[in-house]
Each structure stands twice: as structure tokens, then as C-alpha cells.
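**Student:** next input, structure requested:
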Amino acid sequence: MTMHAAPDCLVVAVDNRMELDTALDEAVDMLKPAAMAEQVGVSVTRLAPGRYEARLNSDVPPGLTLERWGNER
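**Tutor:** Sure, this is the predicted structure:
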């Protein structure tokens, strides 16, 4: 598992399904303090197989995490 970070976004790459839930949980946990401070939620988007983005999102209510897969709107 690898993670690349910006202040409001983490890109997570995993090699297998067994790593996925833990990696995404860690990414969301890392963003929670900033999300609480900015009163926004977190969105998790599947970019490609094994590659995900977790980011602060003002369209998601504070305290919630929204999952999207690919180009879903």
C-alpha cells in the first residue's frame, strides 16, 4: 500500500483487496481532523483498479464519508 498526500487529498494505491479497507480507513482517519475544522465531509473515489482518492469535499455533509466509483455523479 502507498499513499500520496496533499493537504486536502490522499491518493491510495493497494496491491490486493485485503489491503483496501484498512488503507481507505487510514486515509479517511487522516483527513477527519481537517474535515472537522473546515466543516466538510470526505469523499472516496475509485480512480482505477487498486487506486483511490480520499479528499475533503464541501458537497458532503460534515461528519459523513461518501464513496463514489469512477465517474459516478
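**Student:** what's in contact with the one helix or strand residue 19 maps to?
**Tutor:** Using DSSP states H and E, residue 19 sits within helix 17-38. The contact list for helix 17-38, computed with Cβ atoms under 8 Å, 6 or more residues apart in numbering, reads 1, 3, 5, 7-8, 10, 12, 14, 41-42, 44, 52, 54-56, 58, 62-63, 65. Every C-beta, even on glycine, is put in place using the N, C-alpha and C of the backbone.
**Student:** list the buried residues for that helix?
**Tutor:** 20, 23, 24, 27, 28, 31, 35 (16 or more other Cβ atoms under 10 Å).
**Student:** how about stretch 49-60?
**Tutor:** For stretch 49-60, a neighbour-count test (16+ other Cβ under 10 Å) marks 50, 52, 53, 54, 55, 56, 57, 60 as buried.
**Student:** got a pLDDT number for the residue lying closest to the fourth one once chain neighbours are set aside?
**Tutor:** In this structure, residue 54 finds its nearest non-sequential neighbour in residue 27, 4.0 Å apart by Cβ to Cβ, 6 or more residues apart in numbering. As summarised for this prediction, residue 27 has a pLDDT of 95.
**Student:** from memory residue 39 sits against residue 64, does it?
**Tutor:** No. Using Cβ atoms under 8 Å, residue 39 is not in contact with residue 64; the gap is 11.7 Å.
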